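Visitor: What follows is a predicted protein model with its sequence.
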Amino acid sequence: MISESSAESAAIESSKLPESPKSTQSAESISRSDRSNQSIWHDRAYAPPVAAYLHIPFCRRRCFYCDFPISVIGDRRDGSNSLGVQTYVDQLCREIAATPSQGRSLETVFFGGGTPSLLTAAQIVRLLEALDRQFGIAATAEISIEMDPGTFDRAKLETIAAAGVNRISVGVQTFEDRLLQAIGRSHTADEIETAIALLQSGIIDNFSLDLMAGLPHQTADDWERTLDRAIAIAPPHLSYYDLIVEPGTVFDRYYQPGAAPLPTEAAAAEMYRHAADRLTAAGYDHYEISNYAQPDRACRHNLTYWHNATYYGLGLGATSYVNGQRVARPRRRDAYADWLDRYVESGGVLEAEAVTAIDLALESVMLGLRTAVGIDRDLWRSELRQLAGVAAIVRVDRVVDQYERAGAIAVETDSTRLRLTDPEGFLRSNSVLSDLFNAIEGDES
Ligand code: SF4
């Protein structure tokens, strides 16, 4: 889940970032440079993918805050007796088989959803075999799957571990039953503890917990208890997201962002700061706005996105980024089935416009600034000078100086790296990026 932002609205600012401006709005120098395609980001955009994302769009029920493309399949433990799930796995295997390999083996695979753990172990193994046949999976690949408490047991874990799955992301959100019910989750606090005990038994010891803050009726004490429990479990990785009230969701009908029973923006920001303090003190590296990891346990698959590298995206609603083209698949089952027929008939041809050089530069900065290491300032300025001209650099430098004085941006003195500070810069990421993009376009106020 990704969040929204505005200055002190902090935690909320930590996730959903502004869209990059389109090159059509930019100066003539940008179009000229687009044709030259000299950017280092261009090389990255056309490199053969080594990552694959598979979307598994099934959940036991729809959480009250969720606008993801999913089908609700009820309270069965897995997809073994659902024709809809079996048909979808068949479709996904067809899409994989129709997708041209770009020549390199996969180094990361991520089953996301939805609730991928609703698949049977045999279905997960079948999909991995399909990926291996089509692209190859490297022996050292990170293979992650999202699993919700109450949807897996020891036998399923053992079977998928034997097939190569070596990382689990558990959708905990909160350890308190009253809050789980308030957000419409289908699992209980007891099921979370059972799931954690299974993971700690060592079948797959690389696991991550997903937590959420900014929940209705959630107090600072609730959040403290959530952090206490998470730190006591000591997972190798933690992700932390703020609730956002998305249009069309149940919460959209009942709640106003920042108004009771949701925490105020200031309270949500304080939760973000407090999590950063507690988790960092517990030895976690806050390596990305929403992600913490013990040493060497950062999620390799997600780093693909932050580095703006290419990846195969497979399944309903998934976006792929291959050959400089981002292609989003339809979010409805019937439309996806039609799209898949056309895709297979065409021999795996995707029709989309390639991203432009200026969009690549902006996206790379937008994504790079989400990480603790930030971006190479000198490299970015030099690319930007070619793409948008010297006047844009002057405007951008003014914005950087302004946020550096405010403590939101740090420019390293022993290197040329520019990064957002933790937590204040991360909290204001949306504002920083909006101002940077406006400066590039010449809309600086
Ligand atoms: S489990 Fe995740 S994808 Fe499924 S309904 Fe809940 S928030 Fe949405």
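Guide: Yep, it's here.
Visitor: contacting residues for the residue of the stretch 251-400 of the chain found nearest the ligand?
Guide: The ligand sits closest to Gly317 of the stretch 251-400 of the chain, with a gap of 10.7 Å, by Cβ to the nearest ligand atom. Where you see a C-beta, it was placed from the backbone N, CA and C, and this is true even at glycine. Contact analysis of Gly317 by Cβ atoms under 8 Å, 6 or more residues apart in numbering lists His55, Pro57, Phe68, Pro69, Ala328, Arg329, Pro330, Arg331, Tyr336.
Visitor: How about the third one: what's its closest non-neighbour residue?
Guide: Taking Cβ to Cβ, 6 or more residues apart in numbering, and ignoring the residues beside it in sequence, Phe68 has Gly114 as its nearest neighbour in space, at 6.8 Å.
Visitor: residues near that neighbour, how many?
Guide: For Gly114, the neighbour count with other Cβ atoms under 10 Å is 24.
Visitor: ok, now how distant is it from Gly248?
Guide: In this view, Gly114 and Gly248 are 17 Å apart by Cβ to Cβ, to the nearest Å.
Visitor: filter the contacts of Gly317 by proximity to the ligand?
Guide: Checking the contacts of Gly317 against the ligand by Cβ under 6 Å from any ligand atom, the ones in range are Phe68.
Visitor: Tell me which of the contacts of Gly317 fall in strands.
Guide: Among those, the members found in strands (DSSP state E) are His55, Ala328.
Visitor: Name only those of the contacts of Gly317 that count as buried.
Guide: Among those, those classed as buried by 16 or more other Cβ atoms under 10 Å are His55, Pro57, Phe68, Pro69, Arg329, Arg331, Tyr336.
Visitor: Can you verify my assumption that the last one contacts Gln91?
Guide: Yes: proximity of Tyr336 to Gln91 meets the contact threshold set by Cβ atoms under 8 Å, at 7.3 Å.
Visitor: element containing the residue most central in space within the chain?
Guide: Centroid-nearest residue in the chain: Asn302, 6.5 Å away (criterion: Cα atoms, centre = their mean). Assessed by DSSP states H and E, Asn302 sits inside helix 300-306.
Visitor: May I have that helix as PDB, with CA atoms only?
Guide: Extracted in PDB, the C-alpha atoms of helix 300-306 (Å, rounded to 0.1, in the frame of the first residue of the first chain):
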ATOM      1  CA  ARG A 300      16.700  -7.400  -3.900                       C
ATOM      2  CA  HIS A 301      13.500  -7.400  -6.000                       C
ATOM      3  CA  ASN A 302      12.300  -4.100  -4.700                       C
ATOM      4  CA  LEU A 303      15.700  -2.500  -5.300                       C
ATOM      5  CA  THR A 304      15.000  -3.200  -9.000                       C
ATOM      6  CA  TYR A 305      12.200  -0.700  -8.800                       C
ATOM      7  CA  TRP A 306      14.100   1.900  -6.900                       C
END
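Visitor: Beyond that helix, next helix or strand please.
Guide: Sequence order places strand 312-314 as the next helix or strand after helix 300-306, per DSSP H and E.
Visitor: Output the contacting helices and strands for that following strand.
Guide: In terms of contacts (3 or more Cβ pairs under 8 Å, 6 or more residues apart in numbering; DSSP states H and E), strand 312-314 is packed against strand 51-56, helix 83-98, strand 319-322.
Visitor: Would you list the phi and psi of Asn430?
Guide: Main-chain torsions, Asn430, degrees, to the nearest 10: phi -60, psi -40.
Visitor: Run the chain-centre distance for the helix or strand encompassing Ile358.
Guide: Per DSSP H and E, Ile358 falls inside helix 357-368. Averaging C-alpha positions (Cα atoms, centre = their mean, to the nearest Å) puts helix 357-368 16 Å from its chain's average.
Visitor: picking that back up, the residue nearest to Phe68 and Ile70 touch, don't they?
Guide: Yes: counting by Cβ under 8 Å, Ile70 is a contact partner of Gly114 at 5.0 Å.
Visitor: what sits in contact with each of these two?
Guide: Between them, Gly114 and Ile70 share the contacting residues Pro57, Phe58, Cys59, judged by Cβ under 8 Å, 6+ apart.
Visitor: mind checking how far Gly324 is from Gln173?
Guide: Distance from Gly324 to Gln173, by Cβ to Cβ: 36 Å.
Visitor: What separation do you get for the residue nearest to Ile137 when sequence neighbours are not counted and Ala161?
Guide: Distances taken as Cβ to Cβ, 6+ apart place Leu106 nearest to Ile137, at 4.8 Å, with adjacent residues excluded. Leu106 is 18 Å from Ala161, where distance means Cβ to Cβ.
Visitor: The longest strand that the chain contains pairs with which strands?
Guide: Counting residues, the longest strand in the chain under DSSP E turns out to be strand 137-147. Sheet pairing of strand 137-147 (DSSP bridges) gives strand 106-113 (parallel), strand 167-173 (parallel).
Visitor: near the ligand, anything from it?
Guide: No: Strand 137-147 lies apart from the ligand when judged by Cβ under 6 Å from any ligand atom; the minimum separation is 8.1 Å.
Visitor: quick one: contacts of that strand?
Guide: Residues from elsewhere that reach strand 137-147, judged by Cβ under 8 Å, 6+ apart: 50, 105-117, 124, 128, 131, 160, 164-171, 195, 299-301.
Visitor: hang on, the earlier thing: helices and strands around the helix holding Ile358, which ones?
Guide: By 3+ Cβ pairs under 8 Å, 6+ apart, helix 357-368 packs against helix 28-36, helix 40-46, helix 300-306, strand 375-376, helix 377-388, helix 429-441.
Visitor: Dump the ones you listed into a markdown table; add distance to the ligand and mean pLDDT as well.
Guide: Output for the helices and strands packed on helix 357-368, formatted as a markdown table (distance: least, Cβ to the nearest ligand atom, whole Å; pLDDT from 0 to 100):
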| stretch | distance to the ligand | mean pLDDT |
| --- | --- | --- |
| helix 28-36 | 37 | 37 |
| helix 40-46 | 29 | 84 |
| helix 300-306 | 17 | 96 |
| strand 375-376 | 31 | 92 |
| helix 377-388 | 35 | 87 |
| helix 429-441 | 22 | 93 |
